[in-house]
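Colleague: model this:
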Amino acid sequence: MAKRFFCLCVVLFVLVFAYRARAEKQTDPKALFESTCSQCHSLDVPRGERLTRDGWTAILSRMKSNGCVISDADAKTLIDYLSKEFGK
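Modeller: All right, here's what the predicted structure looks like:
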């Protein structure tokens, strides 16, 4: 009985820890934009653009093919941010 209780506590601890880690991982879109885009060019470049969501998607796709290392989830976050802040 004590062994089952211990195992249950361990499982619950792991689940809570995993949930909190996932929640904390959510990135501030502006900070992601500044840290990712400034690695290769001035932030004035994207700030000077006014594109549709499809336009930003195409730009991000091109940046990835040029070597920008970014996860699909972060790319979606950037596209959302760029479309909202610098959209047509």
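
Colleague: right, and residue 49 touches residue 88 too?
Modeller: No. Taking contacts as CB atoms under 8 Å, residue 49 lies outside contact range of residue 88: 9.4 Å. All C-beta spots, glycine's among them, are computed from the backbone N, C-alpha and C.

Colleague: who touches both of the two?
Modeller: The contact sets of residue 49 and residue 88 overlap at residue 55 (CB atoms under 8 Å, 6 or more residues apart in numbering).

Colleague: got any ranges where this protein has weak pLDDT?
Modeller: Applying pLDDT under 70 to the chain flags the ranges 4-26.

Colleague: can we see that at 90?
Modeller: 1-27 (pLDDT under 90).

Colleague: what's the residue closest to the geometric middle of it?
Modeller: Nearest to the mean C-alpha position of the chain, by CA atoms, centre = their mean, lies residue 74 at 2.4 Å.

Colleague: next, that one: secondary structure please.
Modeller: helix (DSSP: H, G, I helix; E, B strand; the rest coil).

Colleague: which secondary structure elements does the host helix or strand of residue 63 contact?
Modeller: Using DSSP states H and E, residue 63 falls within helix 53-65. Packing contacts for helix 53-65, counted by 3 or more CB pairs under 8 Å, 6 or more residues apart in numbering; DSSP states H and E, involve helix 72-85.

Colleague: which phi and psi does residue 87 have?
Modeller: Phi and psi for residue 87, reported as degrees, to the nearest 10, are phi -90, psi 170.

Colleague: other residues contacting stretch 74-87?
Modeller: By CB under 8 Å, 6+ apart, the residues outside stretch 74-87 that reach it are 27, 29-30, 32-33, 36-37, 46-47, 49-53, 56-57, 59-60, 64, 70.

Colleague: quick one, which of those are buried?
Modeller: Among those, those classed as buried by 16 or more other CB atoms under 10 Å are 27, 29, 32-33, 36-37, 46, 51, 56-57, 59-60, 70.

Colleague: for the residues you listed, give me TSV that also has distance to residue 1.
Modeller: Listed next are these as TSV, based on distance: CB to CB, whole Å:
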residue	distance to residue 1
27	44
29	49
32	48
33	53
36	52
37	56
46	60
51	62
56	57
57	56
59	60
60	55
70	49
